[in-house]
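**Q** Prediction below, plus the sequence it came from.
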Amino acid sequence: MEALLEKTTKADQQIAKESVEKLKKASKDGKSIQIGVKPNHQSLHIPEKAMKLLIAILNNMADGKDTAVLSADTYISTQEAADYLKVSRPHLVDMLEAGDIPFVKVGTHRRVKFSDLVAFDKKLYKSRMKGLKFLAKQAQELGLYDV
């Protein structure tokens, strides 16, 4: 898979801002749209899932953020996985060895399937939100928010 690893320029940011607004207006219902292509006046039919992805990419570009698009079945290194979860690589390796996240070994190197990493991240997020709601409810019951 080819990756675009260039910084977003100010000109690209401006084009992205204009394009994302036009795309949002064109697909008010979030469904697929037809886009005309010059100079041969052909049209492209873009499906809903691709539209959402394109809008997300353009939003990131408009904000000057770098963006990478990966296939869900792509295997990534432990360092890339750790960067995604915002943890250290040794901590990620401990989670892998504990069985928290599935992985495969390629020679002596561990590789993590990106879709497994995303699933783990979602599970972790839900767990954190459950704990946060519990703590907020407990604080309210104890009157810690009363002034």
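**A** Thanks, I have it.
**Q** which helices and strands does the helix ranked longest in the chain pack with?
**A** If you go by DSSP state H, the chain has its longest helix at helix 114-141. With contacts taken as 3 or more CB pairs under 8 Å, 6 or more residues apart in numbering; DSSP states H and E, helix 114-141 sits against strand 75-77, helix 78-85. Just so you know, the C-beta spots here come from the backbone N, C-alpha and C atoms, and that holds for glycine as well.
**Q** Identify all contacting residues around the longest one.
**A** Under the criterion CB atoms under 8 Å, 6 or more residues apart in numbering, residues 76, 88-89, 91-93, 96, 101, 109-112, 117, 120-121 lie in contact with helix 78-85.
**Q** Tell me which strands the lowest-mean-pLDDT helix or strand in the chain pairs with, and in which orientation.
**A** None of the helices or strands of the chain scores lower by mean pLDDT, DSSP states H and E than strand 33-37, at a mean of 78. With DSSP bridges as the test, strand 33-37 is paired with strand 42-46 (antiparallel).
**Q** Could you find the closest non-adjacent residue to Phe120?
**A** Spatial nearest neighbour of Phe120, excluding adjacent residues (CB to CB, 6 or more residues apart in numbering): Ile101 at 4.8 Å.
**Q** Assign the one you found to helix, strand or coil.
**A** Under DSSP: H, G, I helix; E, B strand; the rest coil, Ile101 falls in the coil class.
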